[in-house]
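Visitor: everything below, folded, please.
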Amino acid sequence: MSANDFPLPRPSPSAIFKPLAEGAVLFSTDEEVYFGVNAVGARIWQLLPPATSTFEQLCAELAKQYNDVDVSRIRADARKYIDELIASGLALPAENAETRAPAVSERAPKAD
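Guide: Below you'll find the predicted structure:
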């Protein structure tokens, strides 16, 4: 595994992801904080495991979609964003992810 290839973090079970027309909203139920993300941030979230399992796989998928952006820029920006997801508690580092439940990707309203 190269320095640019590492296991990805998994979405936290306390994170709720809601796609929107021009990005998405992430909600941390632990911190009770909303995070607005642009379309690229939403796509990275969608590519976290189980969609891809390594950083290189995620970057390759992004490069297919954003083929006008240099791969080194994709790697740098994706790494920074993933680090921010971990720091905010929205994603769990790979070494901790195996012991946690999968994330809630979207919650439907309760029926009365």
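Visitor: quick one: Tyr66 and Ile74 touch, right?
Guide: Yes: using C-beta atoms under 8 Å, Tyr66 is in contact with Ile74, at 6.7 Å. (C-beta placed from N, C-alpha, C; glycine too.)
Visitor: which one of these two has more residues nearby?
Guide: Taking neighbours as other C-beta atoms under 10 Å, Tyr66 and Ile74 compare with Ile74 leading, 21 against 16.
Visitor: ok, that one - contacts?
Guide: When contacts are counted by C-beta atoms under 8 Å, 6 or more residues apart in numbering, Ile74 touches Cys59, Leu62, Ala63, Tyr66.
Visitor: stretch 33-52: which residues count as buried?
Guide: 35, 37, 40-49, 52 (16 or more other C-beta atoms under 10 Å).
Visitor: from those residues, which land in helices?
Guide: Val40, Gly41, Ala42, Arg43, Ile44, Trp45, Gln46, Leu47 (DSSP state H).
Visitor: of these, closest to Ala91?
Guide: Comparing these against Ala91 with C-beta to C-beta picks out Trp45 as the nearest, at 8.4 Å.
Visitor: longest helix of this structure, counting residues only.
Guide: With secondary structure taken from DSSP H, the chain has its longest helix at helix 71-87.
Visitor: the most centrally placed residue in the chain: what's it in contact with?
Guide: Centroid-nearest residue in the chain: Trp45, 2.6 Å away (criterion: C-alpha atoms, centre = their mean). Applying C-beta under 8 Å, 6+ apart, we find Trp45 in contact with Pro11, Phe17, Ala24, Leu26, Val37, Leu85.
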